[in-house]
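Engineer: Got a predicted model here, sequence first, then my questions.
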Amino acid sequence: MWEMRENRMEVIHTIQLCKTCGVCSKSCPAQINIPEALRIYEKYLSGGMRILEKLDEMESPGKPVDCIECGACSDHCLNSIDVKELVRELAMMQSCRRLILPRHGGGDGKMKRSGMFLISAGLLPLFFLAGCSQMGQTDQKQDRIPSRQEEDPLITENDMEKTMGAADSDAKEEPMEPEPAILLYQGQASIRIVTDEGKVIYIDPYAGDSYDLPADLILVTHSHFDHSQTEKVEYRNEDCRIITQKEAVLNGKHQNFNLGYVMVEAVEAGYNPLHDVNECVGYVLTFSNGKSVYVTGDTSTTKQMPLLREKEIDFAFFCCDGVYNMGLEEAAECAEMVGAKHNIPYHMTATTDGRHFDRELAEQFEAKNRLIVEDGEEILVE
């Protein structure tokens, strides 16, 4: 299980090396928008199983399935990424998705989630071996032995039909659980989350440089510069929503936002000379798998914290710089009040220079169930 996750993370990090310069696309004879395709692949690997349908919705003349594996993209990549291999993998998935779609799609033409599960759960190798992808030609194509599908396609189709039917039967008996969201801590109070649905959430953009995934939601806890640099999120989907403290607190009441892929609850923050409770918020995010994340924002102890215990929060981030907000000892006391399964120290530095994480200070956070997450580290919200 962990080996699979590590391999997935390795591919994600490789894709993140892409700077979307577009040089690969300009060299592509199939006219594929490769940066867009790679972003779809990254979202898929991050848990957005249903995102593969967007491969067919790409506006470029060519799609990954049209790749001829000429290698021009890899040859021209300024970051020396093996682009051809990534596009080849995408082409296989797109080709197999098209094969499944007529049998398992709904009336509206969209892939059912069970079909996506089949791809992600291990049926891809079956389809690859059966020859579902016709574009993956190798240098040995002239000398290869005809496959069983070429000799007797009806047998292969029947076998695949039986396999798909059995898998669908199993899927009906055991409904698929939503995948965990992937949380990337970027330092200070900056967090990026990719949900099971492939939605991208940025919280308090400031630290780090992983802002290349198009945003669906941007959350800001208050207006201080180290929490509100929304301009760092250059890429945003058309329906991207920004929620700041102004929208989160209306007429003195903290608001809830049910966005389908996540429930966002604004909670109290502030209660110190530099942070007014009417101008600052924290957030509790609950995802489709039922797991939750609490970020305090900049704050000292709030009146609401003891009430958060009822929410049985899974991951809680507590600020603890001790200069502008509560320190390590008070943060540990707040963690005891909230009672989360995992308590994470963050926003522990009070300077704008250098690294926005201090391991030595993090280790002095003496809360129960402490979890130290370094800047640049990812965790699964499960």
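Structural biologist: Perfect, thanks for sending it. Residues are numbered from 1 along each chain as shown.
Engineer: ranges for the strands of the stretch 201-350 of the chain?
Structural biologist: 215-219, 236-243, 249-250, 253-254, 256-258, 262-268, 281-287, 292-295, 315-319, 342-346 (DSSP state E, counting those that start in this stretch).
Engineer: The last one packs against which elements?
Structural biologist: Contacts defined by 3 or more CB pairs under 8 Å, 6 or more residues apart in numbering; DSSP states H and E place strand 342-346 against strand 315-319, helix 328-338. C-beta: built from backbone N, CA, C; applies to glycine.
Engineer: coming back round to it: same list, the strands of the stretch 201-350 of the chain, but as TSV with mean neighbour count please.
Structural biologist: Compiled in TSV, those are given as follows (neighbours: other CB atoms under 10 Å):
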stretch	mean neighbour count
strand 215-219	23
strand 236-243	14
strand 249-250	14
strand 253-254	12
strand 256-258	12
strand 262-268	20
strand 281-287	25
strand 292-295	24
strand 315-319	27
strand 342-346	25
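Engineer: Please convert those strands to TSV, extending it with mean pLDDT and distance to residue 82.
Structural biologist: Formatted as TSV, the strands of the stretch 201-350 of the chain follow (pLDDT from 0 to 100; distance: least, CB to CB, whole Å):
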stretch	mean pLDDT	distance to residue 82
strand 215-219	97	27
strand 236-243	95	28
strand 249-250	93	48
strand 253-254	94	48
strand 256-258	96	40
strand 262-268	97	34
strand 281-287	97	32
strand 292-295	98	34
strand 315-319	97	34
strand 342-346	97	35
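Engineer: Next up, the contacts around the nearest residue to residue 59 once chain neighbours are set aside.
Structural biologist: Closest residue in space to residue 59, ignoring its immediate chain neighbours: residue 33 at 7.2 Å, by CB to CB, 6 or more residues apart in numbering. Residue 33 sits next to 25, 58, 59, 60, 62 when contact means CB atoms under 8 Å, 6 or more residues apart in numbering.
Engineer: try residue 82
Structural biologist: Per CB under 8 Å, 6+ apart, neighbours of residue 82: 14, 74.
Engineer: The same query, at a cut-off of 6 Å, please.
Structural biologist: Contacts here follow CB atoms under 6 Å, 6 or more residues apart in numbering; on that basis residue 82 touches residue 74.
Engineer: So for it, what's the pLDDT?
Structural biologist: Note on residue 82: pLDDT of 92.
Engineer: Please report phi then psi for it.
Structural biologist: When read as degrees, to the nearest 10, the backbone of residue 82 gives phi -80, psi 70.
Engineer: Ok, the one 3 residues further on next?
Structural biologist: Main-chain torsions, residue 85, degrees, to the nearest 10: phi -70, psi -40.
Engineer: number of nearby residues for it?
Structural biologist: Neighbourhood size, residue 85 [other CB atoms under 10 Å]: 15.
Engineer: how much space between it and residue 67?
Structural biologist: 11 Å (CB to CB, to the nearest Å).
Engineer: same thing with residue 373?
Structural biologist: To residue 67, residue 373 is 37 Å away according to CB to CB.
Engineer: Adding distance to residue 45, write the helices and strands packed on strand 342-346 out as JSON lines.
Structural biologist: Output for the helices and strands packed on strand 342-346, formatted as JSON lines (distance: least, CB to CB, whole Å):
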{"stretch": "strand 315-319", "distance to residue 45": "21"}
{"stretch": "helix 328-338", "distance to residue 45": "32"}
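Engineer: Tell me how the protein divides into domains.
Structural biologist: What automatic domain parsing lists as the domains of the chain is 2-173, 181-381.
Engineer: Lowest average pLDDT across those domains?
Structural biologist: Mean pLDDT values for those show the minimum at domain 2-173, a mean of 66.
Engineer: Chain neighbours aside, what residue packs nearest to residue 197?
Structural biologist: Leaving aside its chain neighbours, residue 197 sits nearest to residue 261 (4.4 Å; criterion: CB to CB, 6+ apart).
Engineer: what is the residue at minimal distance from the centre of the chain paired to in the beta sheet?
Structural biologist: The centroid of the chain falls nearest to residue 194 when counting by CA atoms, centre = their mean (2.1 Å). Residue 194 forms beta bridges with residue 182, residue 200, as assigned by DSSP bridges.
Engineer: I'd like the distance between it and residue 201.
Structural biologist: 8 Å.
Engineer: And the helices in this structure?
Structural biologist: Using DSSP state H, the helices of the chain run over residues 2-16, 23-26, 34-45, 72-76, 83-104, 113-118, 124-130, 148-151, 153-173, 245-248, 328-338, 359-362.
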